[in-house]
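In: Sequence plus the predicted model coming up.
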Amino acid sequence: GARCRVVLELAEDFAPHLLNTLRRLAPAAPAEPSRAALTVVGSINVDLTAVCERLPAPGETVIGADLQRQPGGKGANQAVAAARLAGRARMIGAVGDDPDGGLLLRHLAAAGVDTTGVRRVPAPTGTALITVDRHGENQITVCAGANAEVSLEDVSFAPEDVVLCQLEIELDTVCETARRTPGFFALNAAPARPLPAELVERCDLVIVNETEYARIPELADAELVAVTYGAQGSALYAHGRQIASAPAHEVAVVSTVGAGDAFCAALVLALAAGLDHETALRAANAVGAHAVGDASSQPEFSPLEHYLPSPS
Ligand code: ADP
């Protein structure tokens with residue numbers, strides 16, 4: 001019982017490869033209702049960013065870049081945003097049995113994310129190689145690593161769970177998550193790719209930016225799609241027909257990285273809490289604007305109520 005769980009915690013630090021075996025042997029923790037406001041099934045990455053004067057052409061070497069190393073991945077960014085907006089979130093994912101994996105797990109837990117559903121697998125931790133020039137133009141290469149091994153083994157979804165996926169893990173795992181979610185299921189369809197009709201039909205909500213909306217024609221039939229338009233705000237479409245919209249908040253742009261992820265977490269929490277469409281969009285725009293004004297891809301947030309429009 002308790003002793004096994006202590007061993008688990010030690011294994012996390014000192015022998016990650018033993019962790020999955022130990023988890024199977026340890027008796028389950030006493031059953032308690034899931035208190036997570038949002039369950040994210042998705043990617044966990046290290047973002048390695050080189051900030052340089054200009055992007056290299058193919059075959060070219062550019063020198064003099066500054067290196068930054070930050071926690072990232074759409075899944076982890078959305079789980080951290082949800083935990084900060086709503087107090088607690090649950091992450092289902094996978095990291096490697098390397099030092100980055102341990103660091104990312106501890107970072108998620110420190111942000112208030114329940115990481116018991118994050119497995120450590122014998123693969124490198126997911127890594128995004130990002131190059132940014134002085135105009136903010138970027139090139140991104142994602143090495144999925146452990147994210148390709150996300151599995152729903154030992155994961156259960158209760159009817160009250162609100163579940164959010166993105167497309168940085170295997171599509172089959174996203175489809176299985178959708179099938180096994182008894183309650184509210186949302187998909188941030190990013191990066192854009194063709195979607196099976198069965199998945200689109202199961203989504204209670206799909207969230208995309210306008211480029212992704214144009215690239216995924218299947219979404220024209222979807223029940224409810226939120227489209228983000230950067231500094232132009234966001235709108236909701238039901239079967240291709242606009243049913244609500246909200247303007248963006250004015251903000252001095254510091255970094256747009258992570259704004260879409262913060263918007264996703266906020267909109268799903270707001271709609272799942274029963275807020276009306278326009279109020280939910282306005283709250284998510286306020287959260288997105290806060291993220292745009294913050295240098296981090298995982299900014300600090302106040303509780304979601306703080307971003308609700310004041311009654312007029
Ligand atoms: P993505 O980063 O996924 O392309 P967007 O750029 O559309 O997504 O941004 C997501 C949301 O963040 C927008 O709908 C808006 O609410 C907010 N946002 C993004 N850019 C700005 C901006 N320049 N000013 C104010 N809000 C912004």
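Out: Cool, got the structure. Residues are numbered from 1 along each chain as shown.
In: For the ligand, see how far away the most centrally placed residue in the chain is.
Out: Nearest to the mean C-alpha position of the chain, counting by Cα atoms, centre = their mean, stands G75 at 2.6 Å. Distance from G75 to the ligand, counting by Cβ to the nearest ligand atom, to the nearest Å: 14 Å. Glycine gets a C-beta too; all of them are placed from N, C-alpha and C.
In: isn't that residue right up against V163?
Out: No. G75 is beyond contact range of V163, at 11.7 Å (criterion: Cβ atoms under 8 Å).
In: residues shared between the contacts of the two?
Out: By Cβ atoms under 8 Å, 6 or more residues apart in numbering, G75 and V163 have these common neighbours: V40, V41.
In: Just the C-alphas of the helix or strand harbouring T115, formatted as CSV.
Out: T115 is part of strand 113-121, with elements assigned from DSSP states H and E. What follows is strand 113-121, C-alpha atoms only, in CSV (Å, rounded to 0.1, in the frame of the first residue of the first chain):
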residue,chain,number,x,y,z
VAL,A,113,-1.4,18.5,-13.1
ASP,A,114,-2.1,14.9,-12.0
THR,A,115,0.6,12.9,-13.8
THR,A,116,-0.3,9.4,-12.7
GLY,A,117,-1.4,8.8,-16.3
VAL,A,118,1.9,9.8,-17.8
ARG,A,119,4.0,6.7,-18.6
ARG,A,120,7.8,6.6,-18.9
VAL,A,121,8.8,4.7,-21.9
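In: Parallel or antiparallel, list what pairs with that strand.
Out: Sheet pairing of strand 113-121 (DSSP bridges) gives strand 89-96 (parallel).
In: tell me the mean pLDDT over the strand it pairs with?
Out: Average pLDDT, strand 89-96: 98.
In: swap in stretch 226-235?
Out: The model assigns stretch 226-235 a mean pLDDT of 98.
In: Establish whether it and the ligand are in contact.
Out: Yes. Stretch 226-235 lies within reach of the ligand by Cβ under 6 Å from any ligand atom, at T228, Y229, G230, A231, G233, S234.
In: And stretch 155-175, by the same measure?
Out: No. Shown here: stretch 155-175 not in contact with the ligand (Cβ under 6 Å from any ligand atom), separated by at least 10.5 Å.
In: Tell me where the stretch 101-250 of the chain has helices.
Out: With DSSP state H, counting those that start in this stretch as the criterion, the stretch 101-250 of the chain has helices at 171-180, 197-202, 210-215.
In: Helix, strand, or coil at A36?
Out: Three-state assignment for A36 (DSSP: H, G, I helix; E, B strand; the rest coil): coil.
In: What sits closest to it if chain neighbours are left out?
Out: Once flanking residues are discounted, A36 sits nearest to R90: 3.8 Å by Cβ to Cβ, 6 or more residues apart in numbering.
In: what's the answer for L55, then?
Out: Leaving out its chain neighbours, the residue that sits closest to L55 by Cβ to Cβ, 6+ apart is D133, at 5.1 Å.
In: can you tell me how far the one you found sits from T211?
Out: 20 Å (Cβ to Cβ, to the nearest Å).
In: More neighbours: the two, which one.
Out: Each of D133 and T211 has its neighbours counted (other Cβ atoms under 10 Å); D133 has more, 17 against 12.
In: What confidence value was assigned to that one?
Out: 90.
In: if we can go back for a sec, might one say that the residue nearest to L55 is in contact with E53?
Out: Yes. With contact defined as Cβ under 8 Å, D133 and E53 form a contacting pair (6.6 Å).
In: Spell out which residues of the stretch 151-300 of the chain are next to the ligand.
Out: 209, 228-231, 233-234, 248-249, 251, 253, 256, 259-260, 263, 285, 288-289, 292.
In: Let's see the pLDDT reported for the one residue in the stretch 51-200 of the chain that gets nearest to the ligand.
Out: In the stretch 51-200 of the chain, the residue that lies nearest the ligand is A190 (6.4 Å; Cβ to the nearest ligand atom). In the predicted model, A190 carries a pLDDT score of 97.
In: now the one 10 residues further on
Out: At V200, the predicted lDDT confidence score is 98.
In: neighbours of it, just the number please.
Out: 20.
In: Next, the contact list for it, please.
Out: V200 sits next to V206, E218, L219, D221, A222 when contact means Cβ under 8 Å, 6+ apart.
In: In contact with the last one: list those residues for me.
Out: This points to A222. With Cβ under 8 Å, 6+ apart, A222 has these contacts: V200, C203, V206, Y237, H239.
In: Also Y213?
Out: L219, V225, V227.
In: Where does the prediction get shaky in this protein?
Out: 1-35, 312 (pLDDT under 70).
In: could you redo the last one with a cut-off of 90?
Out: 1-36, 134-138, 221, 254-258, 295-297, 309-312 (pLDDT under 90).
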